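J.: what's the 3D shape of this:
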Amino acid sequence: MSVLKQGRTGVPSKAYPILSRIHGLRRMTGMLKSLKRFSESEIAQERLRIINFYEKHGETVTKEGFKVDRKLIYVWKKKIKENKGRLSSLIPISTAPKKKREMETHPKVVDFIKDTREQHYRLGKEKIKPLLDEYCLKNSLPAIAEPTIGKVIKRHNFFFQKQGRVYHDPKSKWAQNQAKKKKRLRIKHSPKPKSFGHIQSDTVERITDGIRDYFYSAIDIKMKFTLTVNYKSLNSRNNKDFYHKFKQVYPVKRIKDWQSDNGLENLGDFEKELEKDKVPHLFTYPRCPRINGVIERYNRTLQEEFINPNLDLIHDKILFNQKLSEYIIWFNTKRVHKTLGNISPMDYLISQGLMSKNSVSYTKD
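T.: Have a look, this model is predicted:
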């Protein structure tokens, strides 16, 4: 904020900041900036703490506790004194050399790489290497290593592709987006959890009389509790809707992690929903269906026990989905599983003491 000082008519007026006349304001402003920088540096705070400890307890105890002798402490104190008490002087400065070594490559070698990339822009450093060695031998030039060829390409920006995506260009938007991509959590082996809450999911496509149907399924690896819902399209919005339906019927309070393949329906809105609920999303490796073995085996059971016997109803969605709901209820409450000791998933949950028989048969009024 400033104040406008009025002058006579025809004489230019001058504006002064309101606080500009306060004595020591500039020094105080600099001190506040210094304190802010100091408070953001953990190393500087630790150095000040060592100085204070040294002044209170002496050199012997300080050296035993912090492995710092008085010579280094005097250097820190000297920095503070030379900078008029500014604590920000304790912040370590960069030790990198001011003048760094630069790679020196013969100009003819650089020109050869440039000409080769202009004529054949898809050739990488591995394929340019033997051509360059032959050229260097003919012209009595020093050959360079394969990584050096890559550095020459990047340093001189030898990327000449005109259309589409520029391959191997670290400055391209595609390369930058790839660098920003979130790294997926991968699972290498088929899990064998000892507790509930570990879910595997998959989507099966079924084409009947030229009409596509998609069956979204998820199963608890340990308990074998499952849910399947039929949708008309394959996208992340439907998978997000399926995830909400699964949470509503899942008898355990917490989902510990969600495992799926790399299909597009497992990204986008669905992945954001998992992040919102803080549920880790585990991806299998491509072409490794055994990692998702539990849900893959369930898909076969669903195909053989329900879909194939009810193909005559698949185009009557109301009746087909009603039959599907009845099958899922029977699967979870009545159908026995060998891995559970020939009992149903809900009976297994009761046997583990996580649900009572009354809660299974309870219905709201």
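
J.: so what's Asn238 closest to, chain neighbours aside?
T.: Distances taken as CB to CB, 6 or more residues apart in numbering put Tyr231 closest to Asn238, at 4.6 Å, once the chain neighbours are dropped. Any C-beta I mention is one placed from the backbone N, CA and C, and that applies to glycine too.

J.: pretty sure the one you found is touching Ser217, no?
T.: No. Using CB atoms under 8 Å, Tyr231 makes no contact with Ser217, being 11.2 Å away.

J.: now do the helices in the stretch 101-250 of the chain.
T.: For the stretch 101-250 of the chain, the helices defined by DSSP state H, counting those that start in this stretch occupy 107-119, 125-138, 146-155, 173-180, 236-249.

J.: just tell me which of the ones you listed ends up closest to Ile314.
T.: Ranking the helices of the stretch 101-250 of the chain by their distance to Ile314 (criterion: CB to CB) puts helix 236-249 first, at 17.7 Å.

J.: quick one: contacts of that closest one?
T.: For helix 236-249, the external contacting residues (CB atoms under 8 Å, 6 or more residues apart in numbering) are 199, 203, 214, 216, 218, 227, 229, 231, 255, 258, 264-271, 273-274.

J.: check contacts around the residue nearest to Asn238.
T.: Applying CB under 8 Å, 6+ apart, the residues near Tyr231 are 213-216, 238, 242.

J.: just the closest of those to Asn157, please.
T.: Looking across these and measuring by CB to CB, the closest to Asn157 is Asn238, at 44.1 Å.

J.: from Lys232, how far out is that closest one?
T.: 9 Å (CB to CB, to the nearest Å).

J.: pick out whichever of the two has more residues nearby.
T.: Asn238 (19 against 10; other CB atoms under 10 Å).

J.: my read is that Trp258 contacts Ser201, right?
T.: Yes. Counting by CB under 8 Å, Ser201 is a contact partner of Trp258 at 6.6 Å.

J.: so where is the protein shaky, pLDDT-wise?
T.: Under the criterion pLDDT under 70, the flagged ranges of the chain are 1-37, 162-171, 174, 178-179, 356-365.

J.: okay, now the domains of it?
T.: Annotated domains of the chain cover 33-92, 107-161, 193-361 [automatic domain parsing].

J.: now tabulate those in a markdown table and tack on distance to Lys99.
T.: Shown next, in a markdown table, are the domains of the chain (distance: least, CB to CB, whole Å):
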| stretch | distance to Lys99 |
| --- | --- |
| domain 33-92 | 21 |
| domain 107-161 | 18 |
| domain 193-361 | 46 |
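
J.: what's the overlap in contacts for Asn238 and Lys232?
T.: With CB under 8 Å, 6+ apart as the test, Asn238 and Lys232 both reach Tyr214.
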